[in-house]
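S.K.: I need the structure of the sequence given here:
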Amino acid sequence: MNPEERHVDIRLVPAALTSWVVTAAGIVWPPGFLVVVALGALAATVLAGRWCARHGIGLGVAGVAAVAVVGTAFGLSIALRSHDARHHPIAARHGDTATVSVVPTESPRSIGRGRIMFRAGLRELDGAELTGMVLVFAPVTGFAGLSVGRPAGFRARIGRPLRADLSVAVLTAIGEPALGDVP
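M.R.: Residues are numbered from 1 along each chain as shown. The predicted structure follows:
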(Lines give C-alpha, C1' and ligand atoms only; values in the text may rest on other atoms or scores of the structure.)
Protein backbone atom coordinates (compact mmCIF):
# COMPACT_ATOMS: atom_id res chain seq x y z
CA MET A 1 0.00 0.00 0.00
CA ASN A 2 1.25 3.41 -0.91
CA PRO A 3 1.72 5.55 2.26
CA GLU A 4 0.09 8.47 0.47
CA GLU A 5 -3.10 6.51 -0.17
CA ARG A 6 -5.86 7.07 2.29
CA HIS A 7 -8.47 4.45 2.99
CA VAL A 8 -11.67 5.41 4.66
CA ASP A 9 -12.96 2.77 7.05
CA ILE A 10 -16.73 2.73 6.71
CA ARG A 11 -17.47 -0.55 8.46
CA LEU A 12 -19.51 1.10 11.22
CA VAL A 13 -21.51 3.37 8.91
CA PRO A 14 -24.32 0.87 8.18
CA ALA A 15 -24.82 0.09 11.88
CA ALA A 16 -24.70 3.78 12.83
CA LEU A 17 -27.18 4.76 10.10
CA THR A 18 -29.47 1.91 11.11
CA SER A 19 -29.42 2.99 14.76
CA TRP A 20 -30.20 6.63 13.91
CA VAL A 21 -32.96 5.79 11.42
CA VAL A 22 -34.61 3.24 13.72
CA THR A 23 -34.51 5.64 16.67
CA ALA A 24 -35.92 8.58 14.68
CA ALA A 25 -38.65 6.41 13.17
CA GLY A 26 -39.52 4.98 16.58
CA ILE A 27 -40.06 8.43 18.02
CA VAL A 28 -42.17 9.77 15.15
CA TRP A 29 -44.12 6.78 13.79
CA PRO A 30 -46.82 4.79 15.61
CA PRO A 31 -45.89 1.26 16.81
CA GLY A 32 -48.04 -0.57 14.22
CA PHE A 33 -46.28 1.16 11.34
CA LEU A 34 -42.93 0.37 12.93
CA VAL A 35 -43.73 -3.35 12.96
CA VAL A 36 -44.41 -3.23 9.21
CA VAL A 37 -41.16 -1.32 8.62
CA ALA A 38 -39.23 -3.76 10.84
CA LEU A 39 -40.57 -6.75 8.90
CA GLY A 40 -39.61 -5.04 5.64
CA ALA A 41 -36.13 -4.34 6.98
CA LEU A 42 -35.83 -7.96 8.10
CA ALA A 43 -36.78 -9.15 4.61
CA ALA A 44 -34.21 -6.78 3.07
CA THR A 45 -31.58 -8.07 5.50
CA VAL A 46 -32.31 -11.69 4.56
CA LEU A 47 -32.10 -10.84 0.86
CA ALA A 48 -28.82 -8.95 1.34
CA GLY A 49 -27.41 -11.88 3.32
CA ARG A 50 -28.40 -14.36 0.59
CA TRP A 51 -26.88 -12.13 -2.08
CA CYS A 52 -23.60 -11.95 -0.14
CA ALA A 53 -23.58 -15.73 0.39
CA ARG A 54 -24.34 -16.41 -3.28
CA HIS A 55 -21.44 -14.18 -4.35
CA GLY A 56 -19.00 -15.72 -1.87
CA ILE A 57 -18.83 -12.70 0.42
CA GLY A 58 -18.69 -14.47 3.79
CA LEU A 59 -17.98 -11.38 5.82
CA GLY A 60 -20.86 -9.62 4.09
CA VAL A 61 -23.29 -12.07 5.67
CA ALA A 62 -21.79 -11.35 9.10
CA GLY A 63 -21.98 -7.60 8.47
CA VAL A 64 -25.61 -7.78 7.39
CA ALA A 65 -26.42 -9.89 10.45
CA ALA A 66 -24.64 -7.39 12.72
CA VAL A 67 -26.63 -4.49 11.26
CA ALA A 68 -29.84 -6.49 11.76
CA VAL A 69 -28.95 -7.10 15.41
CA VAL A 70 -28.16 -3.40 15.96
CA GLY A 71 -31.41 -2.36 14.29
CA THR A 72 -33.42 -4.83 16.35
CA ALA A 73 -31.82 -3.73 19.63
CA PHE A 74 -32.40 -0.05 18.92
CA GLY A 75 -35.92 -0.81 17.68
CA LEU A 76 -36.85 -2.63 20.88
CA SER A 77 -35.34 0.11 23.01
CA ILE A 78 -37.16 2.96 21.28
CA ALA A 79 -40.41 0.98 21.17
CA LEU A 80 -40.30 0.62 24.95
CA ARG A 81 -39.47 4.31 25.45
CA SER A 82 -42.22 5.44 23.06
CA HIS A 83 -44.76 3.15 24.70
CA ASP A 84 -43.82 4.49 28.14
CA ALA A 85 -44.15 8.11 26.97
CA ARG A 86 -47.52 7.50 25.27
CA HIS A 87 -48.97 5.62 28.26
CA HIS A 88 -47.45 7.75 31.01
CA PRO A 89 -49.73 8.34 34.04
CA ILE A 90 -49.68 12.11 33.44
CA ALA A 91 -51.49 11.54 30.11
CA ALA A 92 -54.71 10.94 32.07
CA ARG A 93 -54.31 14.40 33.61
CA HIS A 94 -54.09 16.46 30.40
CA GLY A 95 -56.22 19.56 30.89
CA ASP A 96 -55.97 19.38 34.70
CA THR A 97 -54.00 21.55 37.10
CA ALA A 98 -51.55 19.99 39.55
CA THR A 99 -48.63 20.73 41.83
CA VAL A 100 -45.44 19.56 40.15
CA SER A 101 -41.77 19.37 40.96
CA VAL A 102 -39.25 19.47 38.11
CA VAL A 103 -35.50 19.71 37.58
CA PRO A 104 -34.48 21.71 34.48
CA THR A 105 -32.25 19.82 32.04
CA GLU A 106 -31.49 22.91 29.97
CA SER A 107 -31.18 26.61 30.65
CA PRO A 108 -34.45 28.56 30.46
CA ARG A 109 -34.88 30.51 27.21
CA SER A 110 -36.83 33.71 26.81
CA ILE A 111 -39.74 33.43 24.39
CA GLY A 112 -40.81 37.07 24.72
CA ARG A 113 -43.58 38.90 26.57
CA GLY A 114 -42.03 38.08 29.95
CA ARG A 115 -42.15 34.30 29.45
CA ILE A 116 -39.55 31.55 29.40
CA MET A 117 -39.49 27.92 28.38
CA PHE A 118 -37.24 25.04 29.39
CA ARG A 119 -37.07 21.26 29.24
CA ALA A 120 -37.08 19.47 32.55
CA GLY A 121 -37.28 16.11 34.23
CA LEU A 122 -40.49 15.60 36.16
CA ARG A 123 -39.94 14.52 39.80
CA GLU A 124 -43.35 14.77 41.45
CA LEU A 125 -46.99 15.19 40.50
CA ASP A 126 -49.31 16.18 43.36
CA GLY A 127 -46.83 14.78 45.89
CA ALA A 128 -46.42 11.39 44.17
CA GLU A 129 -43.01 10.53 42.75
CA LEU A 130 -43.17 10.41 38.95
CA THR A 131 -40.56 10.68 36.22
CA GLY A 132 -40.62 11.78 32.59
CA MET A 133 -39.43 14.61 30.36
CA VAL A 134 -41.61 17.73 30.21
CA LEU A 135 -41.57 21.10 28.48
CA VAL A 136 -42.32 23.99 30.84
CA PHE A 137 -43.65 27.45 29.96
CA ALA A 138 -43.43 29.97 32.80
CA PRO A 139 -43.39 33.69 33.57
CA VAL A 140 -39.94 35.21 34.05
CA THR A 141 -40.99 36.63 37.42
CA GLY A 142 -40.35 34.02 40.07
CA PHE A 143 -38.42 31.78 37.68
CA ALA A 144 -35.55 34.23 37.00
CA GLY A 145 -33.22 32.38 39.41
CA LEU A 146 -33.85 29.00 37.80
CA SER A 147 -30.89 27.14 36.30
CA VAL A 148 -30.03 23.65 35.09
CA GLY A 149 -30.23 21.17 37.96
CA ARG A 150 -32.04 23.51 40.37
CA PRO A 151 -35.34 21.93 41.44
CA ALA A 152 -38.55 23.93 41.23
CA GLY A 153 -42.02 23.22 42.56
CA PHE A 154 -45.11 25.05 41.28
CA ARG A 155 -48.73 24.71 40.19
CA ALA A 156 -49.11 23.97 36.51
CA ARG A 157 -51.70 23.34 33.86
CA ILE A 158 -50.95 19.99 32.19
CA GLY A 159 -51.12 19.79 28.41
CA ARG A 160 -50.32 17.30 25.68
CA PRO A 161 -46.77 17.27 24.29
CA LEU A 162 -46.32 19.60 21.33
CA ARG A 163 -44.02 17.25 19.40
CA ALA A 164 -43.32 13.54 19.19
CA ASP A 165 -40.04 13.71 21.10
CA LEU A 166 -40.69 11.39 24.08
CA SER A 167 -41.90 14.27 26.26
CA VAL A 168 -44.82 13.22 28.46
CA ALA A 169 -46.46 16.64 28.91
CA VAL A 170 -46.30 20.39 28.48
CA LEU A 171 -46.59 22.25 31.78
CA THR A 172 -47.75 25.85 31.94
CA ALA A 173 -46.72 27.32 35.28
CA ILE A 174 -49.36 29.23 37.22
CA GLY A 175 -48.47 30.91 40.48
CA GLU A 176 -45.14 31.40 42.23
CA PRO A 177 -42.51 28.65 42.21
CA ALA A 178 -40.57 27.31 45.17
CA LEU A 179 -36.97 27.06 43.95
CA GLY A 180 -34.74 24.49 45.62
CA ASP A 181 -31.00 24.34 46.10
CA VAL A 182 -28.69 23.09 43.39
CA PRO A 183 -27.39 19.68 44.50
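S.K.: The one helix or strand in the chain whose mean pLDDT sits lowest - contacts with which helices or strands?
M.R.: Using mean pLDDT, DSSP states H and E, the weakest-scoring helix or strand in the chain turns out to be helix 31-54, at a mean of 75. Judged by 3 or more C-beta pairs under 8 Å, 6 or more residues apart in numbering; DSSP states H and E, the packing partners of helix 31-54 are helix 13-28, helix 58-86. The C-beta positions use only the backbone N, C-alpha and C, and glycine is treated the same way.
S.K.: Show me the domain layout of the protein.
M.R.: Listed domain ranges for the chain are 13-86, 89-179 (source: automatic domain parsing).
S.K.: okay, those domains in TSV with mean neighbour count next?
M.R.: Rendered in TSV, the data for the domains of the chain read as follows (neighbours: other C-beta atoms under 10 Å):
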stretch	mean neighbour count
domain 13-86	15
domain 89-179	16
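S.K.: Now the weakest link among those, please, by mean pLDDT.
M.R.: Per-stretch averages of pLDDT across the domains of the chain put domain 13-86 at the bottom, with a mean of 79.
S.K.: how far out from the middle of the chain is that one?
M.R.: Mean C-alpha position of domain 13-86 versus that of the full chain (C-alpha atoms, centre = their mean, to the nearest Å) differs by 18 Å.
S.K.: Can you get me the start-to-end distance on that domain?
M.R.: 31 Å (C-alpha to C-alpha, to the nearest Å).
S.K.: now do stretch 156-170
M.R.: 9 Å.
S.K.: Could you find the closest non-adjacent residue to A98?
M.R.: When the adjacent residues along the chain are set aside, A98 lies closest to D126, with 4.9 Å between them (C-beta to C-beta, 6 or more residues apart in numbering).
S.K.: Tell me who's in contact with the one you found.
M.R.: With C-beta atoms under 8 Å, 6 or more residues apart in numbering as the criterion, the residues that contact D126 are 98-100.
S.K.: Quick check on it: phi, psi?
M.R.: phi 50, psi 40 (degrees, to the nearest 10).
S.K.: could the domains of the chain be laid out in TSV, adding distance to H7?
M.R.: Conversion of these to TSV gives the following (distance: least, C-beta to C-beta, whole Å):
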stretch	distance to H7
domain 13-86	14
domain 89-179	38
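S.K.: No further questions, thank you.
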